[in-house]
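Peer 1: need coordinates for the below:
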Amino acid sequence: MTDIVTEIQVEAVFDDGTRLAVISAPFGDVEHDDGAPGAVLPHADTLPEPEPALTLRVRNTASVPVSVTSHFHFFEANPRLDFDRAAAYGMRLAAPAGSSTRFDPGAVVEVGLVPMGGDRIAIGFAGLVDGPLDAPGAKDEALKRAAACGYLGAEGAEG
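Peer 2: Presented below is the predicted three-dimensional model:
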């Protein structure tokens with residue numbers, strides 16, 4: 001069964017051009033007990049979910065479902081999600097890498113958040129930060145941008 005997918009190619013785009021990453025024999029030479037061709041099984045040493053540092057209630061005011069992935073800067077999540085944006089600044093979902101949380105229209109969901117790690121630089125996302133999260137004045141500026149763009153939960157921050 002491992003001969004069904006013999007190679008995976010991913011082309012990534014960077015500021016200075018594209019790179020092609022190739023993974024040969026992505027599923028190894030091991031047959032799986034479940035017999036599912038191409039089955040991807042989690043490693044036995046999967047890391048546990050991080051313990052939330054903060055829990056927020058989030059309400060989806062949009063008429064469509066909204067999903068937020070595990071490592072997205074939660075502060076910059078969809079403007080129609082209503083929650084305390086100031087509290088969520090510099091945080092991400094307390095969820096395993098690659099997972100997401102779905103917010104159905106009108107639903108209120110409690111989510112756990114943890115601080116973003118590494119160098120704590122947020123670039124991309126919704127463009128409300130685009131730099132070091134802990135730079136002097138970065139949070140206040142991001143809150144002003146969010147309020148000016150109509151992000152729910154950031155009202156009154158435009159100063």
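
Peer 1: what sits against Ile123?
Peer 2: The contact partners of Ile123, taken as Cβ atoms under 8 Å, 6 or more residues apart in numbering, are Val129, Asp130, Gly131. In short, each C-beta sits where N, CA and C put it, glycine included.

Peer 1: what about 7 Å?
Peer 2: Asp130 (Cβ atoms under 7 Å, 6 or more residues apart in numbering).

Peer 1: now the strands for the protein?
Peer 2: Taking DSSP state E to define them, one finds strands in the chain at 7-14, 17-24, 54-60, 66-69, 81-82, 91-93, 100-103, 108-115, 121-122, 131-132.

Peer 1: how about those in a markdown table, adding mean pLDDT and distance to Glu141?
Peer 2: Output for the strands of the chain, formatted as a markdown table (pLDDT from 0 to 100; distance: least, Cβ to Cβ, whole Å):
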| stretch | mean pLDDT | distance to Glu141 |
| --- | --- | --- |
| strand 7-14 | 70 | 27 |
| strand 17-24 | 68 | 31 |
| strand 54-60 | 97 | 21 |
| strand 66-69 | 93 | 22 |
| strand 81-82 | 98 | 21 |
| strand 91-93 | 95 | 17 |
| strand 100-103 | 93 | 26 |
| strand 108-115 | 96 | 19 |
| strand 121-122 | 92 | 12 |
| strand 131-132 | 94 | 10 |
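
Peer 1: who's in contact with the residue nearest the centre of the chain?
Peer 2: Nearest to the geometric centre of the chain sits Phe72, at 2.5 Å (Cα atoms, centre = their mean). Under the criterion of Cβ under 7 Å, 6+ apart, the contact list for Phe72 reads Arg92, Phe125.

Peer 1: do Gly98 as well
Peer 2: By Cβ under 7 Å, 6+ apart, the residues touching Gly98 are Ser70.

Peer 1: try it again with 10 Å
Peer 2: Thr69, Ser70, His71 (Cβ atoms under 10 Å, 6 or more residues apart in numbering).

Peer 1: and if you look at Arg145?
Peer 2: Counting by Cβ under 10 Å, 6+ apart, the residues that Arg145 touches are Glu76, Ala126, Gly127, Leu128, Val129, Asp130, Tyr151, Ala154, Ala157, Glu158.
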